[in-house]
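For reference, the sequence and a predicted model appear below.
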Amino acid sequence: MLIRRLARPLLAAIFISGGINALRDTGGHAKAAAPFLDKTVGKVEDSLPEQVPTDAVTLVRLDGAVKLGAGVLLALGKAPRFAALLLVGSTVPTTLAAHAFWEIDDPQERAGQQIHFLKNIGLIGGLLIAAVDTEGKPSVAYRAKHGASRVAEQTQVNAKAAKKMARKAKRKARR
């Protein structure tokens, strides 16, 4: 549908841009993310496997790559539901880290961060809609449920036919 072809790239544009910016200025983004990471990842760092990155620079690079890659996928309509879910997973921590307006005392700066926070919440809402959009096709759950019903119906039809054939064979055997 035309709306999807227009809406997906429009929604994806902010994530593609954000991903590029995060990859270009990893240090600046890492510095901004460090306090949030100290409060969250820092508390569980010892219990994480050593393969899981916990340093701000690596996490910012990963986040930037996810935003860029998933944004491009969403814009092109390739695996859009999966791409939208990846972007939701990336946007939630970014929003909490970058726009924690509740921690700011200056009323003007607080209002600005609150606007950015609400903008990101709106983007998450749009991504959630994109994540459940089946493009008019039935969902996997619907297809599985109705497929099981058709199999059950066909099994009953086959069972009746088998009984009928067995009765005929029994009569034929008696003769």
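Right, received. Where do you want to start?

Could you use CA atoms for every contact and neighbour count after this?
Noted.

State which helix of this protein is the longest.
Ordering each helix of the chain by length in residues (DSSP state H) puts helix 140-174 first.

Check the offset of that helix from the chain's centre.
With CA atoms, centre = their mean, to the nearest Å as the basis, helix 140-174 stands 41 Å off its chain's centre.

Quick one: mean pLDDT for it?
For helix 140-174, mean pLDDT is 84.

Then stretch 86-99?
For stretch 86-99, mean pLDDT rounds to 94.

Can you give the contact residues for that stretch?
Stretch 86-99 is contacted from outside by 15, 32-33, 35-37, 63, 66-67, 70-71, 113-114, 116-117, 120, 124, 127-128, using CA atoms under 8 Å, 6 or more residues apart in numbering.

What subset of those residues is buried?
15, 33, 36-37, 63, 66-67, 70-71, 113-114, 116-117, 120, 124, 127-128 (16 or more other CA atoms under 10 Å).

Please flag which of the contacts of stretch 86-99 sit within helices.
Taking DSSP H as the definition of helices, these contribute 15, 32-33, 35-37, 63, 66-67, 70-71, 113-114, 116-117, 120, 124, 127-128.

Check what pLDDT Phe36 gets.
Looking at Phe36, its pLDDT stands at 88.

How about it: what's its closest non-neighbour residue?
Ala97 (5.2 Å; CA to CA, 6 or more residues apart in numbering).
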